[in-house]
Every structure is written in C-alpha cells, then in structure tokens.
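> predicted coordinates and the sequence they were generated for:
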Amino acid sequence: MTEIKKAGSAEAEHVYSAGSAVITKDVVANPGLEPHRVRMTDKSPKHERRAARQVAILFLLSIVGSAFAIFAYFAFPLTDDLGTVRNNTFFLGAGITLGLLGIGFGAVHWAKTLMPDAEVSEARHQTRGSEEVRAQALEIIKLADQESGFSRRKLIRRSLYGALAFFPLPAIVLFADLGPDPANTLRHTMWKAGTRLTQDPTGTPIKASEVTVGSVFHVIPEGLNESAHKLEEKAKAAVLLVRVDPSDLIETAEKKSWSYQGIVAYSKICTHVGCPVALFEQHTHHLLCPCHQSTFDLNDACKVVFGPASRPLPQLPIAVDAEGYLVAQSDFHEPVGPSFWER
Amino acid sequence: MSTTTATKAKPGFLADRANFLDERVGVAGILKEFGRKIFPDHWSFMLGEVALYSFLVLLLSGTFLTFFFQPAMTPVIYDGVYGPLKGAEMSIAYASTLDISFEVRGGLLMRQVHHWAALLFVAAAGLHMLRVFFTGAFRKPREINWVVGFMLFVLGMAAGFTGYSLPDDLLSGNGLRIIDGMIKAIPVVGAYVSSLLFGGQFPGESIVARLYGLHILLVPALILVFIVIHLFMVVIHKHTHYSGPGRTDDNVVGYPLMPVYVAKAGGFFFLVFGVIMLVAATFTINPVWNYGGYDPSPVSAGTQPDWYIGWLDGALRLTPSHLEVSSGGVTWSWNILIPLITSLVFLAVVAIYPFVEAWVTGDQREHHVLDRPRNAPTRTAIGVAGMVFYADLWAGASTDIIATNFKMSLNQVLTFFQIMLILGPIIGYLITKRACLSLQRKDREIALHGRETGRIVRLPHGEFIEVHEPLDAHALYRLVSFDTYQPIMPRPNDQGKITVSTRLRAAMSRWFFEDRIEPVTQTELTAAQKHAAIGH
C-alpha cells in the first residue's frame, strides 16, 4: 500500500533547479513506512467494547455537564452580594466545561481507540499545473488580451490605471472630519493668571499654609470639574504640587519667582508618551512615571535623570492670592505632555 | 466509512443524509475530493488548530458581549451593585462593562472566556509560527502562506489591543495614552493623526466607539478572510510531514479526514473551548472594577499591557534618555521613533524571511518534508536569535516588576536588558548553531556505529569493548534523510562582472552553509557495517 514514488504517473513532473543543494545518488534508501502496530481494541473484542462504553460515558457526562450549567444559571443568581458573582461564574463555567470536555474527550477517544490507526499514504502533485493545463490557461489569457485589446490599446489601459489610482482618494478625504485641526490646542491648558490650584478630584482650593514640607498634592485647575470637556482639559492641566526646603531647589534666575517658599508645581503629564508622573519619592526627591520609568529630579527643575523621556516636566508658575490660596501666575510656558513635530 | 458502504437497499444513517444534500447542493463531488484527504499526525501541528479554535471561541463569546456592552464615552454616575464605585462618574462603556460583570448572569464568565481566548489566540498563533519557522515549513510552495500567517499574527495583536481598550478603564486608558504619545511623535503628521484618531484632543469621547467598530467588524472580518486563505492554501499544498521512513516530497502520510480527523479535530475544538471555559471559570483576568474608570490623572504602579503588546512597550522602555532633537522649529522624537522603527523592521524581517532563504539557496524545488531544526543549523540559530531579541524586549516591559520582586536596582535591570538586547541574540545564535552541529554529529555517530548498549565485553585477547547495537532501517532513516547545501562562489555574469547582489548572495550562502554536517551516505554506512562485522 505504500506508494513512495509516483511510479508510472502519466505525466512527467516539472524539474526545478535545486540551487546550491547537494544532490547525490549515494543516499540511504527510504525503507518505506514502519509496520503498523495493532492496538488492543483491534485484537480483543472485550477491549473494543470497553472503549465504546468509555466513549458513550464521556458523551453522557457532557449531557450531565450541560444540564448542570442550566441548573447553575438559575440556582446561583446574582444579588447585591458580590460573592454571588463568584458562585455564578464558577458553577456555570464548570457545567459548561464538563459539557464541552465530555464531547472533546469522547470524540478523540473514539478516534484513537476505535477508528483505523494505520497510516495511509497519498500522492502529492506539484502545485503548478500540468504543461497542458498551463498552455490552456496561457491561451485564455492571450485570448482575453486579444479580445479586449488590453495590451494593444495603450490609451485605454493608461487612463484606466489613472482612474483606479484616483478613485480611492475621495475615500481618504472623507476621513478628514474624524477630528479637527489640532491648531493651538496642544499649546494651551486651562491654567490662566489667577486660576486657583485645587485638589484632584474634589476641586477644593489649596492654601499655601496647608502644604507642609515633603507633602504632595495632586492638583487640577479650579473649575475643571465644571468644564464641558473635563477629561481633555485634565489630560493637559494635571499638576503635581510639592513643598521642599527652599534651599534645596536649584532654580535659574528667570524661574526664581515661579515657586513660592519652596512650593513648586510641575505638569503631571510625562514628556515621554503622556502617562501621569504620579510617584514621588521623598528621600531622593525624584518623580517617577510608572509606565516607562522616566525619572525627573524635582529639586533640579524636573530634569530627566533616568528613563526614555528627554525633556524636563514643564513648570507651572505659582503665587499666592490675597486669601492665601495658591494660584497660577500664567499658563505653562511650553506645551505639556508628549512631544510633537511642531512644538 | 464501512458503515455506509453497504448494499443499496440499506444505505445507512449517514448516507441517507448525504443523499438529501447531494441532490440539493451536489455534496458528493466535494466528499469524493476531500472526504479521504490525508492529514499527517504530530502534536506540533495542533498549535495552529488551537489558534483557529480560540478564534471561534472569540467570535462566540464576543457576540454575547456585544449584546450588553455599550461603546459610548458619555459620562454617567454609576449606580450599580459594585459598592466601591457607587456614585463615581464614569463612561457608559465602563459602566456597562461593570454591569456585564456583576449584573448579567454568566456575564463575567463570558468576559473572562473572551479575554483568555484572546490571550491564547495570539500565543498559539505565535507558537505555530515558531513551529513553521524551525521546521522550514515556510519553504516553497508555502512562502505566501507564511506571509498570510504573519498577517494573522499582526491582526491578532490589533484585535487584542482594540478590544483591550474598550472597557475604558484606568489601565487600558493609560494604554491609549501611550498610543497617543507615540502617534504624536510621528514626524510632520503626528498631531493631526492623533486628532483624527481621537476625534480631537485626547481622550475625547469618540475613541471607544471607533475602536469598537474596528474590533467587532473590520479586524475580525480581515482575520476571517485571512484564515480562509490560510486554510485554502493548506488544502492546495497538502500538509507537510516530518521526515521519516516512508515520507517523501511526493507523498503525504497520515490519517484520512473522514472519519479520523473529523473526530480528532472536531473533538479538539471542544477540548480547546473546554479548557478556556475552565480557566475562565476559575481564574480572574482583567478585573477592571479594581482600576476604576479612565481619568488622565491617576495611574497605578506596575502597569502592564496584555502579554502580546509587551514587546512593544519594552522597546519604549529600553530606549536611552535624551534622544529627542529639536531644531529649526521641529522636533524629532527619536526616543519613540527608534523603538517604533526597530519593531517594524523586526516584523518586516519575519515577514520576508522565506524569500531571503530561498534567494540564498537558489532552491526552487517544492519541499513537503519538514526539516528537523538541527539539520538547518543557521536557520535555527537565526530563529533563536530572533526569539531572544523578542524575549528581551518583552522582559523589558517588566523591568519595574522584576526590580521590585527580586529587590534589584531598576536602573541596573534596565541597563542589563539594554545590553542583552544586542548581546543576547548573538549569544543565542552562537550557542544554537554549535548545539545543532553537535547534535548532527551525534546523529552521524549513532547512524554509523549504532546505539550504545552499555554492555561491556572482554575479547579473547584481553581487550574490552562496548557493544554497539545497529539501528533498524526505520530508525536509521530518520537520522540520515535530510538536505544540505553548499556555499556558492560569486561567479561573473555574461558581461564578466561580479555584481553586488552576486557577492552578497555568495556571502550569505557562506554564512549559512560554511559549517555543515553532511548526511551519512550509503557508502559510509556500508563501510561502517563491514567494519562492525569484522570486529567492533
């Protein structure tokens, strides 16, 4: 039954180049398929009957599992007690699992023990068509070309190419309304001169006196919770407020007035790809972004000391108003968040 | 089917139904063609099947989820049964995800089935790709099917990412934030593309509905189309089989589709589904209620994407500081562009590898017998180098977790992975190539001199020898049947010139095939057998 070579097949197969393959006649001959080993279920009717019984039992178990799943759906309802979610998920899932695995194991067991397990050999043919079929196909192509004049009529052909190249363009333009021109939106945030710094998420204004040395405030501009596009504004305006010993701060002359008695406010949006830089390590005075571990030195103008970010976190100039609340002196002086081409 | 080939008077249970179908859809011709098609048997051929069946499970569980999920980002105040979030403002998408989890019976189960099946789909597809690579199954005529499979892997990642972002929870929202940051780094058009994607400023109120359209329609439709092409080509080519006695490039040895593979593969669908169901019923995945709805300000430490996105996140993390260049009013964010380009180049190399190897060998024959990985040492070594590269990026996405769990310095962990990104693949390559060559030498040794029996015999003149037992013909053939290639010399063309491409090809060929072990020839075998017959 083993048919190793397609001996005497009607048509010769195409001979492909073997490239740099080593071709030698001096090879060990293929001994043909290994002899088939007979299984117990083939030899003994007792084993055969037992295997048949096992398959049937597995299928019956599947029925039990599916029935149990239906039972569990009603028997383990969901209530206000969250523990019911676990019971519902587990018992329903266990029932369906049994329903599925019963069929799966049953079918595979059936195939492995009761269906023929002698390997069979089938001839392959080359993927390319026979010479005759290829000639016929070529004839069809030639005929189609002749009848349509596709090769001959250059004007038609080229104008068709042009039309096909242009027809998808409206579809691309159609997508222009997916979003507006970003224009200056990336350069500005909600912060304006006099905007109070308030706590995230409550919106409670912060007095300078409440900010003790070493404490951290997650800050949003006053009025953010009432704004129409709250999350968009927050994604740009979120600020981290920290008070340190003023003598520890390394400040340029220009930015000396941006802090207030050691209280500094920096954008919380990472200059790498925009995650919130939410972790402050007090003893190293480092700000860490948990997404890609960009680390900024708070005392030294939030310069990058580690990680993939390149730019320091932008600083928000702050002051104190008549009532003692912290306010912004102005918006940020540079775009916050991830870099973009025109920034 | 012996039960159905009985006499005309009693056609049998199956044949009755078949007759009904044949008279209406002409099923007889299809059955005659495909009913007894032979499929080879090997556990490694199962990996692609796992991916296929996980996809079916994804379609089933995903359809269930669409009946309850609401892809809208309009803010609402949560008033469901999950106490900790009562009264919190969140998007409808997130609220409906909580409702599916806590208020729809079997809802959490189906969410978990869907998520686990997605993780398994990409994992099985990846392992299947490795199997195809290391056994050389991508060789002619299957190069195009390799590319189709590659597309499926990439689409699998796309399906995963778009789905992962739908619940609009804090974790996935930060994932989108990272995507936004990466898009903005694209030269010239970045800010515009970001605005188009998010419908304005990040996060906007459009992205979930847009990803939903992609996730439940476009991406799965593409996956389905590519799966159909993939399987259609398997039928055209017939499945490959491992080298062994009786297996050649001109035949396919295995079991017939009907009934054996219908039962085995059909049953295997239920096994894959059953295992996913069991895992989903017992192991929590993506507990979005712990994270809260998306808010651009908070973030949790130790954030991790789903596993298949990890290597891209790792590429971002491993990039050194201060690579951004601003000049002339424009910004080149090389800290994002370098990892982006590196990942794309890596994927491109994976996609075109079959064509490169075919160009190097110049072999245009059809290959249906698989290589044992050791018998293609350079290819196997390249594969391992690629795996190490991927694994390093992947581990790079967990630098913080590794550092905290093993109490190491984050900086040192990162530096280690940065160095190993370059060094690791080289080490992996060298070790693998040497290991393959050694294994081939061992195969030669066993083929020529037989198996060591451990039996020591003393000869009459006092010499001790260990008795070697010759292999039987079938076992022997497994060790000696493989192709080898010679390195080619750069030869001048018609004009008497040696072109750059000829030189490159010769150099690649030398790299691939300079170190090689030839299979045992019949002459060598006869000589060795004669030698063994004389003495030892």
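Right, received. Where do you want to start?
> contacts and neighbour counts: CA atoms only from here.
Noted.
> which residues touch whichever strand in chain B runs longest?
Using DSSP state E, we find that the single longest strand of chain B is strand B:451-458. The contact list for strand B:451-458 (C-alpha atoms under 8 Å, 6 or more residues apart in numbering or on different chains) reads B:464-471.
> narrow those to just the buried residues.
B:467-468, B:470 (16 or more other C-alpha atoms under 10 Å in any protein chain shown).
> just name the closest of these to chain A, please.
Proximity of the buried ones among the contacts of strand B:451-458 to chain A (C-alpha to the nearest C-alpha) peaks at B:Pro470, which lies at 14.6 Å.
> got the phi and psi for that closest one?
phi -60, psi 150 (degrees, to the nearest 10).
> of the contacts of strand B:451-458, closest to A:Ser330?
B:Leu471 (86.0 Å; C-alpha to C-alpha).
> coming back round to it: of all the contacts of strand B:451-458, which two lie farthest apart?
Between any two of those (C-alpha to C-alpha), the greatest distance is 22.1 Å, for B:Phe464 and B:Leu471.
> re earlier: following the chain onward from the longest strand of chain B, which element is next?
strand B:464-469 (DSSP states H and E).
> anything in stretch B:483-491 near chain A?
Yes: residues of stretch B:483-491 contacting chain A under C-alpha under 8 Å from any C-alpha of the partner chain: B:483-488.
> now those: which count as buried?
Looking at these with 16+ other C-alpha under 10 Å, the buried ones turn out to be B:484-488.
> from B:Ser509, how far off is B:Leu176?
44 Å (C-alpha to C-alpha, to the nearest Å).
> repeat for A:Gly19
Distance from A:Gly19 to B:Ser509, by C-alpha to C-alpha: 11 Å.
> for the two, indicate the residue with more neighbours.
B:Ser509 (23 against 18; other C-alpha atoms under 10 Å in any protein chain shown).
> in a helix, the more buried one, correct?
Yes: B:Ser509: assigned to a helix according to DSSP: H, G, I helix; E, B strand; the rest coil.
> surely it touches B:Val360?
Yes: using C-alpha atoms under 8 Å, B:Ser509 is in contact with B:Val360, at 5.6 Å.
> stretch B:273-280 close to chain A?
Yes: Stretch B:273-280 reaches chain A (C-alpha under 8 Å from any C-alpha) through B:273-275, B:277-278, B:280.
> show me what that stretch is in contact with.
A:93-94, A:96-101, B:53-54, B:57, B:109-110, B:112-113, B:116-117.
> those in helices, which ones?
A:93-94, A:96-101, B:53-54, B:57, B:109-110, B:112-113, B:116-117 (DSSP state H).
> returning to that earlier point: which one of the residues of stretch B:273-280 next to chain A is nearest to chain A?
Of those, the one sitting nearest to chain A (C-alpha to the nearest C-alpha) turns out to be B:Gly274, at 4.7 Å.
> residues near the nearest residue in space to B:Pro470 that is not next to it in sequence, how many?
In this structure, B:Pro470 finds its nearest non-sequential neighbour in B:Gly450, 4.0 Å apart by C-alpha to C-alpha, 6 or more residues apart in numbering or on different chains. A count of neighbours around B:Gly450, defined by other C-alpha under 10 Å, yields 20.
> mind checking the backbone torsions on B:Gly450?
Taking degrees, to the nearest 10 as the convention, B:Gly450 sits at phi 80, psi -180.
> separation between it and A:Asn30?
In terms of C-alpha to C-alpha, B:Gly450 sits 18 Å off from A:Asn30.
> before we move on, what about A:Ala135?
From A:Ala135 to A:Asn30 the distance is 35 Å (C-alpha to C-alpha).
> B:Ser333 now?
Applying C-alpha to C-alpha to B:Ser333 and A:Asn30 gives a distance of 60 Å.
> compare those two (neighbour count), which wins?
B:Ser333 (25 against 19).
> now that one, what are its backbone angles?
phi -90, psi 80.
> correct me if wrong: it contacts B:Lys184.
No: using C-alpha under 8 Å, B:Ser333 is not in contact with B:Lys184; the gap is 9.2 Å.
> and for the two, which residues touch both?
Common neighbours of B:Ser333 and B:Lys184 (C-alpha under 8 Å, 6+ apart) are A:339-340.
> for stretch B:202-222, measure first residue to last.
28 Å.
> show me what counts as buried in it.
B:202-212, B:214-216, B:219-220.
> tell me the mean pLDDT for it?
For stretch B:202-222, the mean pLDDT works out to 97.
> and the contacts of it?
Contacts of stretch B:202-222 (C-alpha under 8 Å, 6+ apart): A:229, A:231-232, A:235, B:62, B:71-74, B:93, B:155, B:158-159, B:162-163, B:165-166, B:168, B:177, B:180, B:194-195, B:197-199.
> next: stretch A:86-94.
A:65, A:68-70, A:72-73, A:76-78, B:105-106, B:108-109, B:277-278, B:280-282.
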